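Novice: The sequence isn't on hand, but the structure is:
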């Protein structure tokens with residue numbers, strides 16, 4: 001299959017294809033973050049990186065694409081953001097996905113994004129012609145991460161609950177909950193007790209059961225929460241590793257969806 005991954009990041013879709021046993025003839029990726037590209041190339045040297053999504057159609061003559069996949073930048077849609085929606089420059093990249101989808105007419109498509117206001121969700125649904133599927137990553141991971149998936153891939157139900165809890169992925173320490181708060185791209189900044197207990201953000205790990213001194217999750221622990229292979233993001237600074245993991249897919253959710261593809 002020929003795959004085109006937009007906003008490819010660390011190459012999470014490529015990992016998911018392997019886990020779903022989808023044969024890959026060519027994997028084309030559009031990404032501009034040099035650190036994410038470095039990690040994707042380290043793990044999958046055969047990826048053909050095409051650069052900026054806004055210049056993709058004009059700059060490249062692509063073969064017939066079988067699967068278009070991507071998670072367009074979500075800051076302008078998110079409930080956690082300023083809710084600028086389609087007026088936000090980052091959210092406008094969604095329309096690049098739509099343009100490429102209409103131009104290339106792939107057999108399958110998959111778009112991932114965050115939970116958002118109903119009017120924004122309905123607008124995306126109208127443009128893509130399918131209703132979104134809501135999946136919480138906590139079924140395959142120890143992280144609460146609700147995401148919307150618009151796809152024409154036949155999807156049967158929800159992923160099987162793996163029963164994973166946060167303590168399963170920790171290198172050391174204690175936690176007061178079974179599932180982590182959602183890991184975002186700013187997690188590298190760390191958290192504090194107020195953001196954790198009052199705002200329910202920025203997962204903390206405690207040094208003892210009394211919940212006194214604390215730390216943020218390690219990069220390895222975040223890799224496990226995103227079901228990325230241990231050490232996959234090694235090779236760049238920890239700050240960049242946290243960012244690309246927070247921006248990325250929960251790989252096993254994507255793999256579950258891709259298993260609906262008929263080869």
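Specialist: Now that the structure is in, tell me what you want to look at. The structure displayed is predicted, hence computed values, not measured ones. Numbers count the residues shown, from 1 in each chain.
Novice: Give me the nearest residue to residue 96, chain neighbours excluded.
Specialist: Leaving aside its chain neighbours, residue 96 sits nearest to residue 53 (4.8 Å; criterion: CB to CB, 6 or more residues apart in numbering). From N, CA and C alone the C-beta is placed, and that goes for glycine too.
Novice: So for that neighbour, what pLDDT did the model give?
Specialist: For residue 53, the pLDDT comes out at 94.
Novice: Number of residues surrounding the nearest residue to residue 127 once chain neighbours are set aside?
Specialist: Nearest residue to residue 127, sequence neighbours excluded (CB to CB, 6+ apart): residue 98, at 5.4 Å. Neighbour count for residue 98, taken as other CB atoms under 10 Å: 14.
Novice: Go ahead and report the secondary structure state at residue 98.
Specialist: helix (DSSP: H, G, I helix; E, B strand; the rest coil).
Novice: From residue 254, how far off is it?
Specialist: Plainly put, residue 98 is 20 Å away from residue 254 if you go by CB to CB, to the nearest Å.
Novice: Show me what counts as buried in the helix or strand of the chain with the lowest mean pLDDT.
Specialist: The helix or strand of the chain with the poorest confidence is helix 56-59; it has a mean of 88 (mean pLDDT, DSSP states H and E). Under the neighbour-count criterion of 16 or more other CB atoms under 10 Å, helix 56-59 has residue 56 buried.
Novice: what's that helix in contact with?
Specialist: The list of residues contacting helix 56-59 from outside it, by CB atoms under 8 Å, 6 or more residues apart in numbering, reads 6, 30, 50-51, 96, 99-100, 103.
Novice: and the two most separated of these?
Specialist: 51 and 103 (16.9 Å; CB to CB).
Novice: which residues touch the residue nearest to residue 148 when sequence neighbours are not counted?
Specialist: Among residues not flanking residue 148 along the chain, residue 132 sits closest, at 4.0 Å (CB to CB, 6+ apart). The contact partners of residue 132, taken as CB under 8 Å, 6+ apart, are 121, 124-125, 148-150.
Novice: can you check residue 133 too?
Specialist: Taking CB under 8 Å, 6+ apart as the contact definition, residue 133 lies against 148-151, 155, 257.
Novice: what about it, distance to residue 260?
Specialist: 11 Å.
Novice: Please identify every residue contacting each of these two.
Specialist: residue 155.
Novice: Just the pLDDT for the residue nearest to residue 127.
Specialist: Note for residue 98: predicted pLDDT of 94.
Novice: The helix or strand hosting residue 39: which residues count as buried?
Specialist: Here residue 39 sits within helix 34-43, counting by DSSP states H and E. Within helix 34-43, the residues that qualify as buried are 35-37, 39-40, 43, counting by 16+ other CB under 10 Å.
Novice: try stretch 102-109
Specialist: So, applying 16+ other CB under 10 Å, buried residues of stretch 102-109: 104, 106, 108-109.
Novice: hmm, who's touching that stretch?
Specialist: With CB under 8 Å, 6+ apart as the criterion, stretch 102-109 contacts 4, 57, 62, 65-69, 101, 128, 150-153, 261.
Novice: Narrow these to those in strands?
Specialist: Among these, the residues falling in strands (DSSP state E) are 4, 67-69, 150-151.
Novice: Out of these, give me the one that has the most neighbours.
Specialist: Ranked by neighbour count (other CB under 10 Å), the ones in strands among the contacts of stretch 102-109 have residue 69 at the top, with 30 neighbours.
Novice: where does the stretch 51-200 of the chain dip in pLDDT?
Specialist: 74-91 (pLDDT under 70).
Novice: Do you have the strands of the stretch 51-200 of the chain handy? List them.
Specialist: 67-70, 108-114, 133-136, 146-151 (DSSP state E, counting those that start in this stretch).
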